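Colleague: Following is a predicted model, sequence given first.
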Amino acid sequence: MEKMILNGKIVVRSDISVDVEDRGYQFGDGIYEVIRVYNGRLFTATEHLSRLLESAKSIRLDLPFTIEDMESQLNELVRENGLEFGTIYMQCTRGVSPRNHAFPAPAVNPVYVAYTKPLLHSQELAKTGVKTILEEDIRWLRCDIKSLNLLGNILAKQKAAEAGCFEALQHRDGMVTEGSSSNVSIVTDGKIKTHPATNLILNGISRQVMLRLCKENGIPYSEEPFTTDELLAADEVFLSGTTIEVLPVIQIDGQAVGDGIPGVVTRKLQKLFRDEVIKQCGPAKHAAPIE
Ligand SMILES: Cc1ncc(COP(=O)(O)O)c(C=O)c1O
């Protein structure tokens, strides 16, 4: 029987229901995380759990859990569910209270849930690369918070899906921010550029891993905003994210990126990222290595 976490306890998933007055359900008043599991091991768990606590702090949500407690319980959940390759989805809302915009007073207990989902490596897309569209970034000004409010992201992603594309690359005032569910980087003359970790983007954990790998391997990079013109003229463009790792972009609004195939720097980063996964979690039986 599939298990999940509810408020710090491991329970049977089918026993759980959502209260219609949960503030996450009514207002999107909460935060979430997605952690990747390879070989039954959590990848960059501390980084994700630290960001969860940061997000909670940013929305003034007090969580009565430590990173250590959450991590050991997530490990237990992964074992109980026999999850080898997949993701853990976790979210915390401000709790259940009669509908009213202001915080419940007195405060109610937050509602914390976590569950697992199987996922194998998407080798096909990693090899071929993906098509994207450019889309205006209509989101709020705290995109650094991993908030449950994802309407801007959802509308952008849907537009991409309807155009037969994988992702929407968002831009604000002519500057590229991030994908609807990923960070975006460009490569020009061998140098990587990605938006700095400001309030306008989510500081992706995969983005951070990618930048560390650049640093360790002497790949030049800078965290600075770039324009849509720079994006369209870049030699290479790639996305990063927990479920996609490093993913080449081969087309934007029907226009080829570079030669229209995944570029050398992107492929090198894919390999470095995969090596990092293997270093932390062991080799993935189901994944063909990226040549
Ligand atoms: C808007 C947005 N940006 C960036 C990312 C990438 O973040 P991470 O690498 O932590 O998964 C995500 C992931 O879901 C996202 O939703």
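Modeller: Thanks, I have it.
Colleague: ok, and the closest non-adjacent residue to residue 28?
Modeller: residue 149 (3.9 Å; C-beta to C-beta, 6 or more residues apart in numbering). C-beta here means a position set from N, CA and C on the backbone, and glycine is covered the same way.
Colleague: On the pLDDT front, check the closest residue in space to residue 138 that isn't next to it in sequence for me.
Modeller: On the basis of C-beta to C-beta, 6+ apart, the spatially nearest residue to residue 138 that is not a chain neighbour turns out to be residue 152, at 5.0 Å. For residue 152, the pLDDT comes out at 98.
Colleague: ditto for the one 10 residues further on
Modeller: For residue 162, the model assigns a pLDDT of 98.
Colleague: Ok, the one 10 residues further on next?
Modeller: Looking at residue 172, its pLDDT reads 98.
Colleague: residue contacts, the closest residue to it other than its chain neighbours?
Modeller: Among residues not flanking residue 172 along the chain, residue 137 sits closest, at 4.1 Å (C-beta to C-beta, 6+ apart). Residue 137 makes contact with 152, 156, 170-172, 177, 200 under the criterion C-beta atoms under 8 Å, 6 or more residues apart in numbering.
Colleague: How many residues are close by the residue nearest to residue 27 when sequence neighbours are not counted?
Modeller: In this structure, residue 27 finds its nearest non-sequential neighbour in residue 101, 7.4 Å apart by C-beta to C-beta, 6+ apart. Counted with other C-beta atoms under 10 Å, the neighbours of residue 101 add up to 8.
Colleague: Can you give me the distance of residue 101 to the ligand?
Modeller: From residue 101 over to the ligand the distance is 25 Å, taken as C-beta to the nearest ligand atom, to the nearest Å.
Colleague: what do you get for residue 8?
Modeller: Distance, residue 8 to the ligand, using C-beta to the nearest ligand atom: 23 Å.
Colleague: Could you do residue 173 as well?
Modeller: For residue 173, the distance to the ligand (C-beta to the nearest ligand atom) stands at 18 Å.
Colleague: Residue 70 too?
Modeller: The spacing between residue 70 and the ligand, counted by C-beta to the nearest ligand atom, is 16 Å.
Colleague: thinking again about what came up before, same list (the contacts of residue 137) but as JSON lines, adding neighbour count and secondary structure.
Modeller: Conversion of the contacts of residue 137 to JSON lines gives the following (neighbours: other C-beta atoms under 10 Å; DSSP: H, G, I helix; E, B strand; the rest coil):
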{"residue": "152", "neighbour count": "17", "secondary structure": "helix"}
{"residue": "156", "neighbour count": "24", "secondary structure": "helix"}
{"residue": "170", "neighbour count": "25", "secondary structure": "strand"}
{"residue": "171", "neighbour count": "20", "secondary structure": "strand"}
{"residue": "172", "neighbour count": "18", "secondary structure": "strand"}
{"residue": "177", "neighbour count": "20", "secondary structure": "strand"}
{"residue": "200", "neighbour count": "20", "secondary structure": "coil"}
